[in-house]
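> predicted model, plus sequence, below.
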Amino acid sequence: MHHNPFTTMRSLKLADGCKGTQVYALNPPNGTTGTGGGVGDKLLHHLQDHLRVNSSIRSKSSRTYQQPPSESLLPHGLPVTDLLEPPIDPSLKFADLVDKMAEVHRRVDASEPLERSGAFLEQCAVFKGLSDPKLFRRSLRSSRQHAVDVHGKVVLSSWLRFERREDELIGTSSMDCCGRNLECPKATLVPGYDPDTVYDPCLCNVVNVVPPECSTSEEEEEEAFDYDMSFCIGDEEVRCVRYKVASLSRPFKAMLYGGFRETKQGTISFTQNGISVEGMRAAEVFSRTKRLVGDEFSPSVVLELLKLANRFCCDELKSACDTRLAFLVDSLDEAMLLIEYGLEESAYLLVAACLQVFLRELPSSMHDPNVMKIFCSVEGRERLASLGHASFALYFFLSQIAMEDDMKSNTTVMVLERLVECAVESWEKQLAYHQLGVVMLERKEYKDAQRAFNTAVEAGHLYSLVGVARCKFKRDHRYSAYKIINSLISDHKAATGWMHQERSLYCSGKEKLLDLDTATELDPTLTFPYKFRAVALVEENQFGDAISELSKILGFKASPDCLEMRAWISIGKEDYEGALKDIRALLTLEPNFMMFNGKIHADHMVELLRPLAHQRSQADCWMQLFDHWSSVDDIGSLAVVHDMLAHDPGNSLLRFRQSLLLLRLNCQKAAMRCLRLARNHSKLKHERLVYEGWILYDTGHREEALAKAEESISIQRSFEVFFLKAYALADSTLDPKSSEYVIQLLEEALRCPSDALRKGQALNNLGSVYVDCDKLDLAADCYTNALNIKHTRAHQGLARVYHLKNQRKAAYDEMTKLIEKAQNNASAYEKRSEYCDREMAQSDLSLATELDPLRTYPYRYRAAVLMDDHKENEAIEELSKAISFKPDLQLLHLRAAFYDSMGEGASAIKDCEAALCMDPGHADTLELYHKARETNATDQK
């Protein structure tokens, strides 16, 4: 016991969860003010009372309720186009992201080892605005790996831990160690630059047996020294060895040997020096042993020694006390108590240890006024800075948490003001001032916001011009805002989607629609243009077309604000089933979402809509889930699982099912939250270990995930643990022996009890491994068995088998079956293109791009065809079209190869550098990069 001395089958790549909510304008119905005081409000109260009365029979009853008019469910009316506007991204954004990534790669590559952590931190800032969280986490790990001082290690290790949100796991402590030096709270307090050991196992779990240092007793040890003086404290004397005490510091040496009165005295009065008898005895022991080991070195005594060391300039004693106290800090209360001592006595390690506790307790410590006083106040930052503990990295970390917690709070403003004070390099100033501008804009403090945005622009951040224009627009300077963005577009030959999106706010009519269409063409991931067009259609009473418009983007991007908008319009259309489905999916992504401009909680809308939709039992829900899963309707599946959890909120299996669906939708943040809930709700240890294993695996800790799987197997053999182990092992290039082991694990999983949905996934995985091992007949059996239990995606695997058997027509037909069954079928069109002639392939790939523009294979295929036809410029254009909104490693590598073949060495090198920024170890790109550089150097000579 610790002594307190002070009191799917995961077959798709993961992508970032969708963040943020969109603020909509509201159109009060029939001239009402939208304050909720009219007929709509009464109807809402009536519905609430009705729901309370009938809650006990709701799950069984199939009675049809009288449907009130849609206005009763929309007391704030429908959105209107005039007041719609997109949020401003608080992350860094660039007119030419590829150029910026290439620049950052060059900086990292050219950095001295001791400067590399800062270069990787800039890379973190660049990747923060992208959709793939793995890029950000990888850069953050690299920054921690190259951290030079203890402060940097503490901040970056705590940030890495926060990214996993282990604070949400019940039964864990903030100071728990993950097993590696990278995040170990003890290893971070060890000074020194150690990039080669950060991924090694730490020593936290190693039992250190300290051998006896000598066989002599304490009395014998004392007799070995010639005690020739004493310090008198009150009525007691502490015997000392004069030359040993003198060795503690130059002031002691001067006192005892420098010709002062004390030089000739055998007993020196020390009562007035603020140290107790116990403290002086401890100092005497340290003067002989140079160690703080033993019962006499209690925390309170060590604090006395720290003060004594500062008063008499005893550097070695101070360092020992600082280290001893730092390694004792283990809780928030201890940290709050000791940080004042540390700041007062300039104890660097002690303050670092206290800061580490505060940071590892985030986000809860963000609400502790004492902690925030240390971080946020001007005086607090200055005190931290005096010891080297007020860095840009620290306030960068805090700012991300503060903005996520409450964008408009005073705490967020103060954290950002401290961030600004710490900003030195140009990218730091760009980020700090831009974020401050975004927060001030949210707070409607437009002058301050504009000032911050202008400073960010002066530092070199062009995207902050969007903030400047928005502030002018809010202050009724519409034309001035238009001129700013129009000039920005004119100055860039390759204008971006966000530029045209912003300009659309400041114009009207056809010009506005043209800008929005251009924005979508340049960047189809921007949600605002779809929402604007949808609302414009609603204003023309074309509800069906409005829903279709939003469904376009929801087909490839599960955006909470688009789900809200589609639900909103569905209510207006009186499609309550559709609205309920979207709101349930929305709540899975963001459980605290407030609809209708923050007026009504989405949970409350579910309660209002439930009586108007078909009532299903839990068994009906399972059947419906099976149908949605089989038809590849992930949003529909999410809605069903959310409905089931309303009846059984503690069901960890359903929470796990949610996480699988969210990963398939590339919503990793929400998926991780569901995994944590699954782990917390699980009552069985072996299940908790499986969920913990998935959390570790999905955040890049493969070896630790496999260890969790082994521990779970030792307790209970289950489908999920074998599936986890097989999946984690298969996530690498498998040799024949490893493949056989993965096959055994999946076969073992299939022998364990599970439902048909998971069995289908296991069979699909097993088929894939058999294909890789060239066991096509066994693979075909697996896929056929999966299809027999309606695992629709197995059509794709079976088509691959047919193709490898040279049965191209059968492969094409198999993919056609998948297209007919799947609701989300962009990937099916893409895959079918491999089994037909060029013309038909082009048609399928065009459809794939239309349905999901984020899929990169169609662009690469079309570009390759154009290159084959000697249309080099058109091929580059095709790749550039996708790279502009999705900087993908494969796309960049291919474009670099094209540039290289065209003799454009500088462009090839830049694309290689951008690709290596995303994956420094990509072998093909490294080879091309070295070749292009050599060729370019030769040409320049």
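All right, it came through fine. Residues are numbered from 1 along each chain as shown.

> OK, contacts around the nearest residue to residue 832 once chain neighbours are set aside?
Distance criterion Cβ to Cβ, 6 or more residues apart in numbering; nearest residue to residue 832, sequence neighbours excluded, is residue 815 at 3.7 Å. In this view, the C-beta of every residue, glycine as well, is placed from N, C-alpha and C. Shown here is residue 815, whose contacts under the criterion Cβ atoms under 8 Å, 6 or more residues apart in numbering are 795, 796, 799, 828, 831, 832, 835.

> let me see the contact set for the last one.
Counting by Cβ under 8 Å, 6+ apart, residue 835 touches 799, 803, 808, 809, 811, 812, 815.

> what's the neighbour count on the first one?
A count of neighbours around residue 799, defined by other Cβ atoms under 10 Å, yields 27.

> repeat that for the fifth one.
Neighbouring residues of residue 811 were enumerated by other Cβ under 10 Å; the total is 25.

> quick one: furthest residue from the center of the chain?
Distance from the C-alpha centroid of the chain, by Cα atoms, centre = their mean, peaks at residue 264 (67.0 Å).

> coming back round to it: can I get the contacts of residue 835 in CSV including secondary structure?
Supplementary listing: the contacts of residue 835 in CSV, determined by DSSP: H, G, I helix; E, B strand; the rest coil:
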residue, secondary structure
799, helix
803, helix
808, helix
809, helix
811, helix
812, helix
815, helix
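
> residues contacting the closest residue to residue 164 other than its chain neighbours?
Counting by Cβ to Cβ, 6+ apart, the nearest residue to residue 164 once its immediate chain neighbours are dropped is residue 699, at 5.1 Å. Taking Cβ under 8 Å, 6+ apart as the criterion, residue 699 is in contact with 137, 163, 164, 672.

> and the first one, its phi and psi?
Summarising the backbone geometry of residue 137 under the convention degrees, to the nearest 10, its torsions are phi -60, psi -40.

> now residue 876. Nearest residue, chain neighbours left out?
Excluding its sequence neighbours, the residue lying closest to residue 876 (Cβ to Cβ, 6+ apart) is residue 898, at 6.0 Å.

> quick one: that neighbour from residue 191, how far?
49 Å (Cβ to Cβ, to the nearest Å).

> check residue 579 too.
If you go by Cβ to Cβ, the gap between residue 579 and residue 191 works out to 59 Å.

> which one's more surrounded, these two?
residue 579 (26 against 14).

> okay, and that one sits in which element?
Using DSSP states H and E, residue 579 sits in helix 576-589.

> give me the residues contacting that helix.
Outside of helix 576-589, the residues within contact range by Cβ under 8 Å, 6+ apart are 17-18, 67, 547, 558, 560, 563-564, 566-568, 570-571, 593, 595, 602-603, 605-606, 609-610, 612-614, 635-636, 638-643, 658, 662, 667, 670, 674.

> kindly report the same for stretch 899-918.
Outside stretch 899-918, the residues that reach it (Cβ under 8 Å, 6+ apart) are 97-99, 101-102, 104-106, 108, 123, 126, 135, 867, 872, 876, 887, 889, 892-893, 895-897, 922, 925-926, 928-929, 931-933, 935-936, 939.
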